[in-house]
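Q: Let's see this in three dimensions:
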Amino acid sequence: MKVASIQLELNDSRTKEQVVAYALSMMDKCKGYDLLILPELWNIGFANYDRYYAESEPLDGYTASAIAGKARELGAYVHGGSFVEARDGKYYNTSVLFDRTGKLIGTYSKLHLFTYKSREPELLTPGSGISVIDTEFGRMGLSTCYDLRFPEFYRKMADVGLDFILVPACWPYPRNEAWEVLNQARALENTCYLISCNAAGGQAGSMYLGHSKVVDPWGTVVAGTSFREAIVTAEIDPGLVKRVQTAFPVLKDRVL
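A: Predicted coordinates for the structure are as follows:
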């Protein structure tokens, strides 16, 4: 299984339409890959709070439709990162997962909204629960950025069966130590793969950390990058998850 995490550099020099077009061009570089993932709120940027409502979209809106079309064209599963979704008079930080035909097979609205020097909880509504999606490669659990700090959230996914954790993010500089530790810990403690896609660049006075990763079920980083725009790629074995869980059954040994 070939995976690609597209760590886009975000800035305020492009319109949303230009950013979407650029993201599609980056996806074109990943032809032949089985799973692609984009960052959190990449089409407008997490820190651009004044754009949330004006540039929100429905699930079948401009951004999601463009990503669905590219998934179909490339014949790949695509986690489209997240965007501000408008739904029933409320707004959500919603991520989307498409299959190889461009069909929407999973959505997740961010449950843990970021309160530290952020307007996200003021502007958006939290989601209502976990989202674990069956695919040909295994079960993929959807999460977003700040969720990484809440281990019980991922344990709920592990309890229903989990092979991959997918994490789009706009994790800010300079909290690199937390990012590194949490990426590895969430994979290790749930004995599954973790694939993260963090943004690079900066907007509205915030700098994004980058350092997107692919972590295996032993907690080993098998691919990663720095703070600059990049495409992180790896060829991984989905069968490793079950082999690790059988050899080292930490989830079965849990008491509480």
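Q: For the top strand by length along the chain, which residues meet the burial criterion?
A: In the chain, assigned by DSSP state E, the strand with the most residues is strand 77-87. Neighbour-count burial for strand 77-87, counted by 16 or more other CB atoms under 10 Å, picks out 77, 78, 79, 80, 81, 82, 83, 84, 85, 86. C-beta here means a position set from N, CA and C on the backbone, and glycine is covered the same way.
Q: next SSE after that strand?
A: Next along the chain after strand 77-87, taking DSSP states H and E as the criterion, comes strand 90-98.
Q: Could you identify the helix or strand that succeeds that following strand?
A: strand 104-109.
Q: mind listing what's buried in the following helix or strand past that following strand?
A: Next in sequence after strand 104-109, counting helices and strands by DSSP H and E, comes helix 120-123. The neighbour-count check on helix 120-123 (16+ other CB under 10 Å) flags 120, 123 as buried.
Q: what about helix 120-123, distance to the chain center?
A: 20 Å (CA atoms, centre = their mean, to the nearest Å).
Q: Which strands border the very next helix or strand once past it, and is each parallel or antiparallel?
A: Next along the chain after helix 120-123, taking DSSP H and E as the criterion, comes strand 132-135. Its sheet considered, strand 132-135 pairs with strand 138-142 (antiparallel) by DSSP bridges.
Q: now the strand it pairs with: how far from the chain's centre is it?
A: So, by CA atoms, centre = their mean, the centroid of strand 138-142 is 11 Å from its chain's centroid.
Q: That one relative to strand 104-109, how many degrees between them?
A: Angle, strand 138-142 to strand 104-109, by axes from the mean of the first three to the mean of the last three CA atoms, to 10 degrees: 30 degrees.
Q: show me what contacts residue 135?
A: Counting by CB atoms under 8 Å, 6 or more residues apart in numbering, residue 135 makes contact with 77, 99, 105.
Q: ok, the nearest residue to the second one once chain neighbours are set aside to residue 143 distance?
A: Spelled out, that is residue 99. Leaving out its chain neighbours, the residue that sits closest to residue 99 by CB to CB, 6 or more residues apart in numbering is residue 105, at 4.9 Å. Distance, residue 105 to residue 143, using CB to CB, to the nearest Å: 16 Å.
Q: what about the two, which has more around it?
A: residue 143 (26 against 15; other CB atoms under 10 Å).
Q: residues in contact with the residue nearest to that one when sequence neighbours are not counted?
A: The shortest distance from residue 143 to any non-neighbouring residue, by CB to CB, 6+ apart, is to residue 167 (5.4 Å). Residue 167 makes contact with 143, 144, 145, 147, 148, 183, 186, 194, 195, 196, 197, according to CB under 8 Å, 6+ apart.
Q: What subset of those residues is buried?
A: By neighbour count, with 16+ other CB under 10 Å, the contacts of residue 167 hold 143, 144, 145, 147, 148, 183, 186, 194, 195, 196, 197 as buried.
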